[in-house]
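Q: I'll drop the sequence and a predicted model, then ask my questions.
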Amino acid sequence: MGNTFGQLFRITTWGESHGGGVGVVLDGCPPRLALTESDIQPDLDRRRPGQSKIVTPRKESDTVQILSGTFEGRTLGTPISMWVKNEDQRSDAYNEMAEKFRPSHADYTYQAKYGIRAWPGGGRTSARETIGRVAAGAVAKKLLRERWGVEVLACVTQVKDLVAVVDPEQFTADQAESNIIRCPDAAVAERMIELIEATRSAGDSVGGIILGVARGVPVGWGEPVFDRLEADLAKAMLSLPATKGFDIGSGFGGVTLTGTQHNDIFRNVDGRVRTLTNRSGGVQGGIANGETIYFRVAFKPTATVFHEQETVDVKLQNTTLKPRGRHDACVLPRAVPMVEAMTALVLVDHALRHQAQCGV
């Protein structure tokens, strides 16, 4: 069903925004990987609400607990179950939304599909669902780093019309984490923060773009034709809340070039095939070519705005709604670890599939 992702390295997330907690079951993790909560908590801290002045003030510690799948600090090869308790639910802020559909939210579509929905906090449509993804993604990042030497990172490159120029080959995790918007360009980051604060004060929201990067991916990962590496990355990213677009390498910008301008020329460099440029974004024919994989994910403005808007109620009568509660004016800073997590989950799954088929 739709709550499970991956083939050999498979996760199933569970829980609702205002239920008892949220979590994940991770199956397929190889045995003997050193793993404790301290390996997972840092990424959850980067994702949690209340971490800065530009995110939702909901106060959650998001403390993870490993319930199964490890013994004496190492993975067993059995399913790993992890959970995080919900500590700061305020469901009364959503009482009006029990009867009215929020514009651009999934309230209406969930009601139409299932005939029932968990209206406090949006239930499974809330970004709290991504806690399970980030927890499992932390395991995947550790496995990628230690077994294959692959580095996964992401950063914010655009908020509304403010654009930072970031080199996928050069920026570091420390640069991205040096400010609360997670943009490596400090000067542009300050302007982004000011824009988000002003937008929040006006009761509105903004969107933007996150750059995802994977360095050191070996040649060969990817399963054409339907499980091309970029296809699985696209699915992973577009499964995240608020995403509306994905492109890789030159992306949509590549349509302005000719073939001779766009082609990545091959060279033998010290016995290794390299490309002089990387407009392919590290993937050719659905298979990693050994260059840095980089892509962009577009996030829409947060749907909840503190302005009265037209909508319909559960009886399909025209009405208006002015939301209450605690919400992000911009999802981007908290979405950076989500993009990293989904990238790592895709790559580990493909690494294991490649190993199973090709023996390397």
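A: On my side now, so go ahead.
Q: state the distance from Gly271 to Leu229.
A: Per Cβ to Cβ, to the nearest Å, Gly271 is found 24 Å from Leu229. All C-beta spots, glycine's among them, are computed from the backbone N, C-alpha and C.
Q: of those two, which one has the most company?
A: Of the pair Gly271 and Leu229, Leu229 is the one with more neighbours under other Cβ atoms under 10 Å, namely 28 against 5.
Q: surely Ala356 is in a strand?
A: No: using DSSP: H, G, I helix; E, B strand; the rest coil, the assignment for Ala356 is helix, not a strand.
Q: what's the closest non-adjacent residue to it?
A: In space, and not counting its chain neighbours, Ala356 is closest to Leu8: 6.9 Å by Cβ to Cβ, 6 or more residues apart in numbering.
Q: same question for Gly50.
A: For Gly50, the closest residue by Cβ to Cβ, 6+ apart turns out to be Lys59, at 4.9 Å.
Q: now do that neighbour, the pLDDT please.
A: Turning to Lys59, the model gives it a pLDDT of 73.
Q: give me the phi and psi for it.
A: phi -100, psi 100 (degrees, to the nearest 10).
Q: could I get the contacting residues of Gln51?
A: Asp45, Ile180, Pro333, Arg334 (Cβ atoms under 8 Å, 6 or more residues apart in numbering).
Q: would you list these in TSV and tack on neighbour count, distance to Gly245 and secondary structure?
A: Shown next, in TSV, are the contacts of Gln51 (neighbours: other Cβ atoms under 10 Å; distance: Cβ to Cβ, whole Å; DSSP: H, G, I helix; E, B strand; the rest coil):
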residue	neighbour count	distance to Gly245	secondary structure
Asp45	15	28	helix
Ile180	16	24	coil
Pro333	26	19	helix
Arg334	22	18	helix
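Q: any chance of a markdown table for those, columns pLDDT and distance to Pro79?
A: Below are these laid out as a markdown table (pLDDT from 0 to 100; distance: Cβ to Cβ, whole Å):
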| residue | pLDDT | distance to Pro79 |
| --- | --- | --- |
| Asp45 | 93 | 25 |
| Ile180 | 96 | 36 |
| Pro333 | 95 | 32 |
| Arg334 | 95 | 27 |
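Q: between the residues you listed, which sits nearest Trp221?
A: The shortest gap between Trp221 and any of these belongs to Arg334, at 28.1 Å (Cβ to Cβ).
Q: which residues does Arg145 contact?
A: Glu151.
Q: repeat that for the one 3 residues further on.
A: Applying Cβ under 8 Å, 6+ apart, one finds that Trp148 lies in contact with Gly216, Val217, Pro218, Ala351.
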